[in-house]
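Enquirer: Sequence and computational prediction follow.
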Amino acid sequence: MRKPNLIVFLTDQQRADTIVGEGSRRVHAPNLCKLASESVIFERAYVTHPLCVPSRASLLTGMWPHQTGCTKNGISLDPRFRTFAELIGDDSYHPAYMGKWQLGDEAKRQRGFRNWISTEGVSDYSRFLGLRGYRPDKPDGSFSERLVSQLPLDISKPRFLEEHACEFIEKHRRDPFVLFVSFVEPHSPYNGPLNLEHALEDVELDATAVAPVNDNIPLRYKLMREWQQAEAVRDRKRLPNLFFFGVTPDEYRAMKQRYLGLITMFDRSIGGILSCLEQTQLLDKTIIVHTSDHGDMLGAHHLFGKEVMFEEAVRVPYLVRLPSRHQGLRVVQPVSHIDFLPTLLDLLGEPKPDQCAGKSLAPLLNGEPTPPENIFMEWSPNRFKVMKGTKLAPRRTIKRAMNESTRAVISPKGWKLCLRDQDLNELYNLPTDPIEAHNLYYQPDHRAIIEQATRDILSWQQTTADTLKL
């Protein structure tokens, strides 16, 4: 009997509500929609850390960011920690990785993957563009994000990855394979050939994007918001056709319109890859997974990007299509990306490696009732820009906030506690306040809940050798 193939579609900065919830119906992503209808959908999937490198390291190793040391961007994954391809004990599998890597050298084949197609920096993609007459606009011979975002669809990164993925599938149609296709989209600069795919009047904003500013949030978030809004004013003059941040609801809406266009762009390439599986009669011999490394605020709470613990940044799409099942199944209890790697290895018949902190979610995939558990997340200090001359707080207080660390837990009942070593704490009741508009931490009525959740975090820290003092 043939072993199942595995394809993982990994996106960058894609929010959960582009796949689940009422708002997802307005997103033009027919291929993901069809895939979701045949998949197990984890409606509340959470990352380990709302930033690219820490999250990707967890996905590929099954370890927490504080364990791998990948706690911020710009860090290469230590060779001591084995990745997915190195952890597969079955040599009959042919593993390939295509697209954004971000855990080390992008250009060279990495960490047990036998096939490697690079798209970042001086890469296979930059050479592809050079052969088509495009000249690099960066000193190192690579192409800037801005230039790439202005290219036509037929030479976009998603289309480039689609073509290479289809070539790989055709070549290895008789061998069991593992294929990661890692799209950069819908990451900023929120610009592409399908900017106008979604009508502006159909783009809905988050309730907290149009509500008055809430100041009962950590100082670090306020500093980010202030700098982003100042930058938006400058960008309006320098880059009138690109939106990284916004100030007004109209700017938020225009930015989100372009963001959704990027989702449509990679959705078309996912559709092309799925068609290749059908043509090679491998669709029902392949496990298909889709998820993202973190979400995007898109103006919610008047913030942009990631790097915060709000739901828009930490919840991501996560679906799994099994060859043996063609009916969709929705899992409503929260799950964590820490379980991503042991789950996929389990589906391939491989045991859980010792380095993995999580467990297999295969029982949930098979419809077996499993008691919900606490979901943990973390944040470590990362450099970010602060508006020059800010008056939000004294300089010493600002410095503390910039260096804060967070440990967060979401209980099975939906209480979300964020504890910080050097900034404001937060408590939200997600079932009654899903948009996190009301920070209950400093109200006296919830001390018992806070004390229990604090014990849970401290116990998790002890179990995972996390030495941060809260």
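Expert: Thanks, I have the structure now.

Enquirer: Relative to residue 305, how far out is residue 315?
Expert: Relative to residue 305, residue 315 is positioned 15 Å away (CB to CB, to the nearest Å). The C-beta positions use only the backbone N, C-alpha and C, and glycine is treated the same way.

Enquirer: For residue 256, pull up the helix or strand it's in.
Expert: helix 249-279 (DSSP states H and E).

Enquirer: Summarise which helices and strands that helix is packed against.
Expert: strand 5-11, helix 30-37, helix 157-171, helix 207-210, strand 286-292 (3 or more CB pairs under 8 Å, 6 or more residues apart in numbering; DSSP states H and E).

Enquirer: For residue 44, which of the ones you listed is the nearest?
Expert: Residue 44 lies closest, by CB to CB, to one member of the helices and strands packed on helix 249-279: strand 286-292, at 12.8 Å.

Enquirer: what does that closest one contact?
Expert: 4-15, 19, 32, 35, 39, 45, 59, 270, 274, 277, 316-323, 337, 340, 344, 347-348 (CB atoms under 8 Å, 6 or more residues apart in numbering).

Enquirer: Quick check: PyMOL command selecting the buried ones in the residues you listed.
Expert: Remark: buried members of the contacts of strand 286-292, expressed as a PyMOL selection using 16 or more other CB atoms under 10 Å:
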select buried, resi 4+5+6+7+8+9+10+11+12+13+14+15+19+32+35+39+45+59+270+274+277+316+317+318+319+320+321+322+337+340+344+347+348
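
Enquirer: Need the CA coordinates for stretch 60-68. CSV is fine.
Expert: Provided in CSV are the C-alpha atoms of stretch 60-68 (Å, rounded to 0.1, in the frame of the first residue of the first chain):
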residue,chain,number,x,y,z
LEU,A,60,9.4,23.1,11.9
THR,A,61,10.8,21.7,15.2
GLY,A,62,7.8,21.3,17.5
MET,A,63,9.6,23.4,20.2
TRP,A,64,8.7,26.6,22.0
PRO,A,65,10.6,29.8,20.9
HIS,A,66,12.3,30.1,24.3
GLN,A,67,13.6,26.5,23.8
THR,A,68,15.0,27.1,20.2
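
Enquirer: Report the rounded mean pLDDT for that stretch.
Expert: Per-residue pLDDT over stretch 60-68 has a mean of 98.

Enquirer: again, but for stretch 226-238
Expert: The pLDDT scores in stretch 226-238 average 80.

Enquirer: Flag the shaky bits of this protein, pLDDT-wise.
Expert: 1, 235-244 (pLDDT under 70).

Enquirer: How about residue 295, nearest residue that isn't a chain neighbour?
Expert: Nearest non-adjacent residue to residue 295, counting by CB to CB, 6 or more residues apart in numbering: residue 15, 4.1 Å away.

Enquirer: Does the one you found touch residue 310 like I think?
Expert: No. Between residue 15 and residue 310 there is no contact under CB atoms under 8 Å: 10.9 Å.

Enquirer: Which parts of the stretch 101-250 of the chain are helices?
Expert: Here the stretch 101-250 of the chain has its helices, by DSSP state H, counting those that start in this stretch, at 124-131, 145-149, 157-171, 207-210, 219-238, 249-279.

Enquirer: Turn those into CSV, including distance to residue 188.
Expert: Shown next, in CSV, are those (distance: least, CB to CB, whole Å):
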stretch, distance to residue 188
helix 124-131, 18
helix 145-149, 8
helix 157-171, 14
helix 207-210, 17
helix 219-238, 11
helix 249-279, 8
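
Enquirer: Please name whichever of those helices is nearest to residue 453.
Expert: Of all the helices of the stretch 101-250 of the chain, it is helix 219-238 that lies closest to residue 453, at 20.2 Å by CB to CB.

Enquirer: now that closest one and helix 249-279, what's the angle there?
Expert: 90 degrees (axes from the mean of the first three to the mean of the last three CA atoms, to 10 degrees).

Enquirer: which secondary structure elements does helix 219-238 contact?
Expert: Secondary-structure packing of helix 219-238 (3+ CB pairs under 8 Å, 6+ apart): helix 395-402.

Enquirer: what angle separates the helix it packs on from helix 219-238?
Expert: Put simply, helix 395-402 runs at 90 degrees to helix 219-238, going by the same axes, to 10 degrees.

Enquirer: Convert the C-alpha atoms of helix 395-402 to CSV, please.
Expert: As requested, the backbone C-alpha atoms of helix 395-402 are provided in CSV (Å, rounded to 0.1, in the frame of the first residue of the first chain):
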residue,chain,number,x,y,z
ARG,A,395,11.9,57.7,28.9
ARG,A,396,12.7,55.1,31.5
THR,A,397,9.2,53.7,31.4
ILE,A,398,9.3,53.5,27.6
LYS,A,399,12.6,51.6,27.7
ARG,A,400,11.0,49.1,30.1
ALA,A,401,8.0,48.6,27.9
MET,A,402,10.2,48.2,24.8
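
Enquirer: how far does it sit from the chain's center?
Expert: The gap between the average C-alpha position of helix 395-402 and the chain average comes to 28 Å, counting by CA atoms, centre = their mean, to the nearest Å.

Enquirer: other SSEs contacting it?
Expert: helix 219-238.

Enquirer: Please enumerate residues in contact with the helix it packs on?
Expert: Contact with helix 219-238 is made by 213, 215, 242-247, 251, 301-305, 307-308, 384-387, 390, 392-393, 397-398, 401-402, 404, 423-424, as judged by CB under 8 Å, 6+ apart.

Enquirer: just stretch 445-460 next, same as before
Expert: Taking CB under 8 Å, 6+ apart as the rule, stretch 445-460 contacts 374, 376, 407-409, 411, 415, 417, 419, 427, 440-441, 466, 470.

Enquirer: just the buried members of those residues?
Expert: The neighbour-count test (16+ other CB under 10 Å) marks 374, 376, 407-409, 411, 415, 417, 419, 427, 440-441, 466 as buried among the contacts of stretch 445-460.

Enquirer: returning to what we had before: so who does the residue nearest to residue 295 touch?
Expert: Shown in contact with residue 15 (CB under 8 Å, 6+ apart): 292, 295-296, 298, 312, 315-317.

Enquirer: Would you convert these into CSV that also reports secondary structure?
Expert: Formatted as CSV, the contacts of residue 15 follow (DSSP: H, G, I helix; E, B strand; the rest coil):
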residue, secondary structure
292, strand
295, coil
296, coil
298, coil
312, helix
315, strand
316, strand
317, coil
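
Enquirer: Reformat those as TSV; add distance to residue 360.
Expert: Shown next, in TSV, are the contacts of residue 15 (distance: CB to CB, whole Å):
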residue	distance to residue 360
292	21
295	24
296	29
298	33
312	28
315	21
316	19
317	20
